[in-house]
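# Pasting a predicted model and its sequence here:
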Amino acid sequence: MRPVSDTPLVSDVPLLDDLMPWSVPPLRLGRAWVVAPDARTLRARWGALVRAEGAERERLFRPTRARGVRTGVGALPGQSTGTVRLAREAGPCPEPVRVLHEPFDEQWLLPDHRLIDSARPELWRIADARQLFVLELGHVHQPGRATGPALLASALLPEGRSPGGRPGRIRPLYRRPDGAEPNLAPGLLPLLRGRYGCEVAPEDVPAWALAAGRPSRDGCRVPLPASGERWRAGVELGHRLLAAQLRGAHGAPAPRLPGGRRPYVRAALPAWPAGPAYDAETEALVLDGGRIAPVPAAAWEFEVSGVRVLERWFERRGAHREAEGLEGIGPAVWPQEWTSELLALITVLALLAEAEPERAALAAALEAEPGPGAGELRAAGVLPAPLAARRPASVLDHQEEGPDGQFALL
């Protein structure tokens, strides 16, 4: 299969990097125990850490070149965590926050800069109730088969890595808190409004990218349409994809399958279910003696970066059972809330899979009748985006606590 970036026609299709120029590399946690599927586990791990002393505390912490128990680090923006050296820390557990640990896998993180090798503070400064993060996944090329979506969206701060560990790019929609200053190439919105004869909001650009974006070795390419009618249809599709992934955030409705269908527990799950199997005849997810149905086959087969999402989701929740140290601390029995999260995840995957024929039809239409390319955007002065648009905006309105309680004005 010839890489799409090899053809001159495709090379003129704008990259998402052109349209949303500011991006941040993935977070680098440095130690797996700071993230978990439930907040209780994180509090138990923190308790075990601060009860340990001396060399035992250092061993449990798992130091790296970037972080050790004596490393001086400031607080993450917006987080009220301690800043004393961890070697002396005896205080309560930092309040865990919900993050997107892996694609479609929402977990909990200890938001303490002392625990994370590279937390990307520039993202924490702008992470609020209005922010939307677009996650551009690292390209995975497997000849002869699709490997899943090129883009995901989240209201939660994403860690930014694919299930296979490939780094991606995190692209916030807004460069400042409170939905201020869209992270879009200057002049893009006026050009789209004039070209398609309709109002174009900042949120419409990532919605269009979710519907029309396609992976390439250069990054996600986002073809633009020739007509306003196709633009509006693609944006409407993209907003449906976006609403499913937001799972009720930003005022989006909770995802529901059409026709009143919904997955539910047909047979109770055991104390700890083994890895899942799929019964295609009854559309059931089989978990030892437990059963969840209906689960559409497309939801079971849904992949990201070539990895089946539901299997990976279960794998992450059982990881502590074979781990050591703080990573080995976790629930002894399957928590009820995980089952509720699983039902919601199945619904999201089913909705996204159901929309794939529409995405394929849009892709075919865009290939048959391409719209403005990167060359036209350059001629209009939209591209290339200025260097300042590729850097984080300055935030100078508050102080952030530095190491050992000192304050530094940003």
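Nice, I can see it.

# contacts and neighbour counts: CA atoms only from here.
Will do.

# How confident is the prediction for residue 162, by pLDDT?
With respect to pLDDT, residue 162 scores 82.

# Count the neighbours of it for me.
Neighbour count for residue 162, taken as other C-alpha atoms under 10 Å: 23.

# what sits against it?
102-103, 137-138, 168, 304-305 (C-alpha atoms under 8 Å, 6 or more residues apart in numbering).

# Of these - the most surrounded one?
residue 137 (26 neighbours).

# contacting residues around the closest residue to it other than its chain neighbours?
Counting by C-alpha to C-alpha, 6 or more residues apart in numbering, residue 168 is the residue found nearest to residue 137 once chain neighbours are left out, at 4.4 Å. The contact partners of residue 168, by C-alpha under 8 Å, 6+ apart, come to 25-26, 135-138, 160-162.

# Helices of this protein, residue ranges please.
8-11, 16-19, 39-51, 54-61, 121-124, 188-196, 204-212, 228-246, 297-301, 309-317, 336-354, 356-368, 374-379 (DSSP state H).

# Residue 225: neighbour count?
24.

# Just the local confidence number for it, please.
In this prediction residue 225 is given a pLDDT of 98.

# ditto for the one 4 residues further on
At residue 229 the predicted local confidence, pLDDT, stands at 98.

# Around it, how many other residues sit close by?
12.

# nearest spatial neighbour of it, skipping sequence neighbours?
Residue 229's closest residue in space is residue 196 (C-alpha to C-alpha, 6+ apart), at 7.7 Å.

# Identify the residues contacting the one you found.
227-229, 231.

# What is the nearest of those residues to residue 185?
Taking C-alpha to C-alpha as the measure, residue 185 lies nearest residue 231 of the contacts of residue 196, at 18.2 Å.

# Give me the distance between that closest one and residue 361.
13 Å (C-alpha to C-alpha, to the nearest Å).

# More neighbours: the two, which one.
Ranked by neighbour count (other C-alpha under 10 Å), residue 231 and residue 361 place residue 231 first, with 23 against 12.

# quick one: contacts for the more buried one?
Taking C-alpha under 8 Å, 6+ apart as the test, what residue 231 contacts is 196, 208, 224-225.

# and if you look at residue 19?
184-185, 188.

# Could you rerun that using 7 Å?
Contacts for residue 19 (C-alpha atoms under 7 Å, 6 or more residues apart in numbering) come out as 184-185.

# neighbours around residue 56, how many?
Residue 56: 11 neighbours (other C-alpha under 10 Å).

# How about residue 64?
12.

# before we move on, what about residue 324?
So residue 324, with other C-alpha under 10 Å, has 11 neighbours.

# Return the distance of residue 76 relative to residue 63.
19 Å.

# okay, the two: which has more neighbours?
Neighbour totals were compared for residue 76 and residue 63, and residue 76 leads with 24 against 17 (other C-alpha under 10 Å).

# how many other residues sit next to the closest residue to the more buried one other than its chain neighbours?
With sequence-adjacent residues excluded and distances taken as C-alpha to C-alpha, 6+ apart, residue 76 is closest to residue 113, at 5.6 Å. Neighbour count of residue 113, defined by other C-alpha under 10 Å: 23.

# Any figure for the gap between the spatially most central residue of the chain and residue 169?
Nearest residue to the geometric centre of the chain (C-alpha atoms, centre = their mean): residue 158, 4.0 Å. To residue 169, residue 158 is 10 Å away according to C-alpha to C-alpha.

# again with residue 251
25 Å.

# Pipe the contacts of residue 196 into TSV and attach distance to residue 350 per row.
What follows is the contacts of residue 196, written out as TSV (distance: C-alpha to C-alpha, whole Å):
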residue	distance to residue 350
227	30
228	29
229	27
231	25
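
# Could you dump the helices of the chain into JSON lines and include distance to residue 265?
Shown next, in JSON lines, are the helices of the chain (distance: least, C-alpha to C-alpha, whole Å):
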{"stretch": "helix 8-11", "distance to residue 265": "46"}
{"stretch": "helix 16-19", "distance to residue 265": "40"}
{"stretch": "helix 39-51", "distance to residue 265": "24"}
{"stretch": "helix 54-61", "distance to residue 265": "38"}
{"stretch": "helix 121-124", "distance to residue 265": "37"}
{"stretch": "helix 188-196", "distance to residue 265": "46"}
{"stretch": "helix 204-212", "distance to residue 265": "31"}
{"stretch": "helix 228-246", "distance to residue 265": "21"}
{"stretch": "helix 297-301", "distance to residue 265": "16"}
{"stretch": "helix 309-317", "distance to residue 265": "16"}
{"stretch": "helix 336-354", "distance to residue 265": "8"}
{"stretch": "helix 356-368", "distance to residue 265": "27"}
{"stretch": "helix 374-379", "distance to residue 265": "49"}
